[in-house]
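Asker: Okay, sequence plus prediction incoming.
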Amino acid sequence: MAYWLVKSEPSVYSWEQFEKDKQTFWDGVRNYAARNHLKAMKKGDEVLYYHSNEGLEIVGIAKVAKEWYQDPSTDDDRWVAVDLKPFKKFVHPVSLSAIKKDKRLANMALVRISQLSVQPVTDDEWKAVMELAKQ
């Protein structure tokens with residue numbers, strides 16, 4: 001299993017809305033690196049759900065419910081989407097400031113390539129985030 005992180009502004013699509021919907025398709029990605037990460041996702045992979053711009057914290061874990069397919073928001077076949085479903089909301093969200101303070105996470109894509117909306121997460125980074133979230 002691989003680990004990932006996706007970003008969403010809470011005013012656009014919050015964790016709370018995600019839980020109400022029970023599943024969603026992750027579309028609208030228009031960055032080649034992020035697209036390649038979507039293509040690499042496999043059903044069952046776990047995904048950190050990060051509230052960007054407002055909140056700046058990892059708020060929960062989603063799971064990949066369906067592997068990549070043509071992004072329904074465009075006819076351009078270069079772009080793909082995946083389906084995600086909520087798995088677990090964090091009782092203790094992990095803030096960006098806590099991530100930046102933790103030396104184990106210094107090389108995390110969230111710190112190094114902050115603008116990338118879909119990112120891989122290493123096994124060690126996942127374990128560190130789980131510790132910070134008290135999971």
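Answerer: That came through, no problem. Numbering: from 1, shown residues only.
Asker: could you pull out the helices for the chain?
Answerer: 10-13, 15-21, 32-40, 96-101, 109-112, 123-132 (DSSP state H).
Asker: low-scoring stretches of this structure, by residue?
Answerer: Applying pLDDT under 70 to the chain flags no residue at all.
Asker: how deep is Val6 tucked in, by neighbour count?
Answerer: Other residues lying near Val6 total 21 when counted by other C-beta atoms under 10 Å. Bear in mind the C-beta positions are built from the backbone N, C-alpha and C, glycine included.
Asker: How about the one 10 residues further on?
Answerer: Counted with other C-beta under 10 Å, the burial measure for Glu16 works out to 13 neighbours.
Asker: cool, the one 4 residues further on as well?
Answerer: Counted with other C-beta under 10 Å, the neighbours of Lys20 add up to 9.
Asker: between the longest strand along the chain and helix 32-40, how big is the angle?
Answerer: Ranked by number of residues, the top strand in the chain under DSSP state E is strand 80-95. Direction vectors for strand 80-95 and helix 32-40, defined by axes from the mean of the first three to the mean of the last three C-alpha atoms, to 10 degrees, enclose an angle of 100 degrees.
Asker: mind listing what's buried in strand 80-95?
Answerer: When burial is assessed from 16 or more other C-beta atoms under 10 Å, strand 80-95 yields the following buried residues: Val80, Ala81, Val82, Asp83, Leu84, Lys85, Pro86, Phe90, Pro93, Val94.
Asker: Next, find the distance separating Lys134 from His51.
Answerer: In this structure, Lys134 lies at 18 Å from His51, with C-beta to C-beta, to the nearest Å as the measure.
Asker: which ones are touching Ala65?
Answerer: Ala65 is in contact with Gln23, Lys43, Val82, Asp83, Leu84, Lys85, counting by C-beta atoms under 8 Å, 6 or more residues apart in numbering.
Asker: And these, which is closest to Val12?
Answerer: Using C-beta to C-beta, Leu84 is the member of the contacts of Ala65 that sits closest to Val12, with 14.8 Å.
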